[in-house]
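Visitor: With the sequence up front, the predicted model follows.
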Amino acid sequence: MTTGNMIRFICILLLWVGLCWMLLSRAAKIDFMVIFTIVASGIIVFVPLYKKYVRKK
């Protein structure tokens, strides 16, 4: 992974963590749907990035 790709990956990671933090802090209660939303969004965001940059050799 080049330096530019690593910086992009870190920016996307920080944005995702910030959005997850906002979701957790504003939720009335942390239940299955909140956890499912976080896990599903992580899969949607990071699996394509992994396939594109990390697994590519």
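Guide: Now that the structure is in, tell me what you want to look at.

Visitor: quick one: buried residues of stretch 6-24?
Guide: Using 16 or more other Cβ atoms under 10 Å as the test for burial, stretch 6-24 gives 9, 16, 20. No exception for glycine: its C-beta is placed from N, CA and C like everyone else's.

Visitor: I'd like those as JSON lines, with distance to residue 26, pLDDT and secondary structure appended.
Guide: Converted to JSON lines, the buried residues of stretch 6-24 look like this (distance: Cβ to Cβ, whole Å; pLDDT from 0 to 100; DSSP: H, G, I helix; E, B strand; the rest coil):
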{"residue": "9", "distance to residue 26": "26", "pLDDT": "89", "secondary structure": "helix"}
{"residue": "16", "distance to residue 26": "16", "pLDDT": "94", "secondary structure": "helix"}
{"residue": "20", "distance to residue 26": "11", "pLDDT": "94", "secondary structure": "helix"}
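
Visitor: which one of those residues sits closest to residue 42?
Guide: Taking Cβ to Cβ as the measure, residue 42 sits nearest to residue 16 out of the buried residues of stretch 6-24, at 6.9 Å.

Visitor: That closest one against residue 45, yeah?
Guide: Yes: assessed by Cβ atoms under 8 Å, residue 16 is found in contact with residue 45 at 5.6 Å.

Visitor: number of nearby residues for residue 46?
Guide: When neighbours are defined as other Cβ atoms under 10 Å, residue 46 has 15 of them.

Visitor: Next up, the contacts around it.
Guide: When contacts are counted by Cβ atoms under 8 Å, 6 or more residues apart in numbering, residue 46 touches residue 16.

Visitor: Just the CA coordinates for the helix or strand encompassing it, please, in CSV.
Guide: If you go by DSSP states H and E, residue 46 is part of helix 32-49. C-alpha atoms of helix 32-49 as CSV (Å, rounded to 0.1, in the frame of the first residue of the first chain):
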residue,chain,number,x,y,z
PHE,A,32,-29.2,-5.2,18.6
MET,A,33,-30.2,-2.8,15.8
VAL,A,34,-27.5,-0.3,16.8
ILE,A,35,-24.8,-2.9,16.9
PHE,A,36,-26.0,-4.4,13.7
THR,A,37,-25.9,-1.0,12.0
ILE,A,38,-22.3,-0.5,13.1
VAL,A,39,-21.2,-3.9,12.0
ALA,A,40,-23.0,-3.7,8.7
SER,A,41,-21.6,-0.3,7.9
GLY,A,42,-18.1,-1.5,8.8
ILE,A,43,-18.5,-4.4,6.3
ILE,A,44,-19.9,-2.1,3.6
VAL,A,45,-17.0,0.4,4.0
PHE,A,46,-14.0,-1.8,4.7
VAL,A,47,-14.4,-5.0,2.7
PRO,A,48,-14.2,-3.2,-0.7
LEU,A,49,-11.2,-1.2,0.6
